[in-house]
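Student: What follows is a predicted structure for the sequence shown.
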Amino acid sequence: MSIMDSTTPASGRDDRIPVNRFALFSETLLAGLLVLVLSIPLVTIPAAYAAGIAHLERHLSGRDDSIRALWGTFRSALPGSWKLGITTAAAAVVIVLNLLLTMVGQLPGQAVVLPATLILAAAGAILLLRTAAAWSDFAGPKGTATGTGAWPAALATGKALSLRDWTGSLLLAAALFAAVVFVWMLAALFVVVPGTLILASASVKMRSTRA
């Protein structure tokens, strides 16, 4: 059920729908938890984040933001996402292994490998979020691509936006850094990380669309 405040804008006035901030906060947490659960197999991460970002977009525009709708979007996003999902899962395993080896002092060339790993991880995460956010533009009845063709189009858009809209990419990098700090402060806060990332991705997408 949508929690947007309904208004009837007058002619010539700002027609943006005001947002109930507390409701947005709760919706973000709920969607983040669902995305976290859907991401457990790792290879489903792209589809899970695409569904979560699309869910918040629907919420912000006053459309259907039910759990059933999020699940339906996730199922629609799965076809064609496997290649990107396998790549994401493999990269996540490599990053975690490098960090674990660093903690025990067993990572060869640690002074070079660790910074390179962190930089590549951040760049890859930004590209993933950009791609997941762009997926909904190419999928569905209003998209220019259907079925498995939506993901290649979304990936191309994600790459282009990551470089062209560098301010938005920096904002996503800041969101990633904040998520890392949250977990570093208290490990249990990992449950809020997906919510913060999908909200940041949806916000950056809206920002770039209005620019």
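Tutor: Nice, thanks for sending it over. Computed from a predicted model, the values in this text were never measured in an experiment.

Student: Who are the contact partners of Gln110?
Tutor: Residues near Gln110 by Cβ atoms under 8 Å, 6 or more residues apart in numbering: Thr102. The way it works is simple: take the backbone N, C-alpha and C, and place the C-beta from them, glycine included.

Student: That one and Leu161: what is the separation?
Tutor: Look at Gln110 and Leu161: by Cβ to Cβ, to the nearest Å, they are 33 Å apart.

Student: Same check on Ala202?
Tutor: 14 Å.

Student: In what element of secondary structure is Ala156 found?
Tutor: Using DSSP states H and E, Ala156 maps to helix 150-164.

Student: Mind giving me the packing neighbours of that helix?
Tutor: helix 82-103, helix 110-138, helix 166-185 (3 or more Cβ pairs under 8 Å, 6 or more residues apart in numbering; DSSP states H and E).

Student: Leu171 contacts Lys205, doesn't it?
Tutor: No - Leu171 is beyond contact range of Lys205, at 10.8 Å (criterion: Cβ atoms under 8 Å).

Student: Which one of these two is surrounded by more residues?
Tutor: Using other Cβ atoms under 10 Å, the more surrounded residue of Leu171 and Lys205 is Lys205, with 23 against 18.

Student: okay, and for this protein, where does confidence drop off?
Tutor: By pLDDT under 70, the low-scoring segments of the chain are 1-21, 140-148, 211.

Student: Contacts only, for Leu129.
Tutor: Per Cβ under 8 Å, 6+ apart, neighbours of Leu129: Tyr49, Ile53, Leu172, Leu197, Ala200, Ser201.

Student: One more: Ser162?
Tutor: Ala123, Ile126, Leu127, Arg130, Ser169.

Student: could I get those residues as JSON lines with distance to His59 and neighbour count?
Tutor: Listed next are the contacts of Ser162 as JSON lines, based on distance: Cβ to Cβ, whole Å; neighbours: other Cβ atoms under 10 Å:
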{"residue": "Ala123", "distance to His59": "29", "neighbour count": "13"}
{"residue": "Ile126", "distance to His59": "23", "neighbour count": "23"}
{"residue": "Leu127", "distance to His59": "24", "neighbour count": "20"}
{"residue": "Arg130", "distance to His59": "20", "neighbour count": "26"}
{"residue": "Ser169", "distance to His59": "24", "neighbour count": "20"}
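
Student: Max pairwise distance over those residues: which two?
Tutor: Among the contacts of Ser162, the pair separated by the greatest distance (Cβ to Cβ) is Ala123 and Arg130, at 10.7 Å.

Student: measure Leu199 to Val113 for me?
Tutor: 32 Å.

Student: Between the two, which is the more surrounded one?
Tutor: Per other Cβ under 10 Å, whichever of Leu199 and Val113 has more neighbours is Leu199, with 22 against 14.

Student: Can you tell me, leaving aside adjacent residues, what's nearest to the more buried one?
Tutor: Excluding its sequence neighbours, the residue lying closest to Leu199 (Cβ to Cβ, 6 or more residues apart in numbering) is Thr28, at 4.8 Å.
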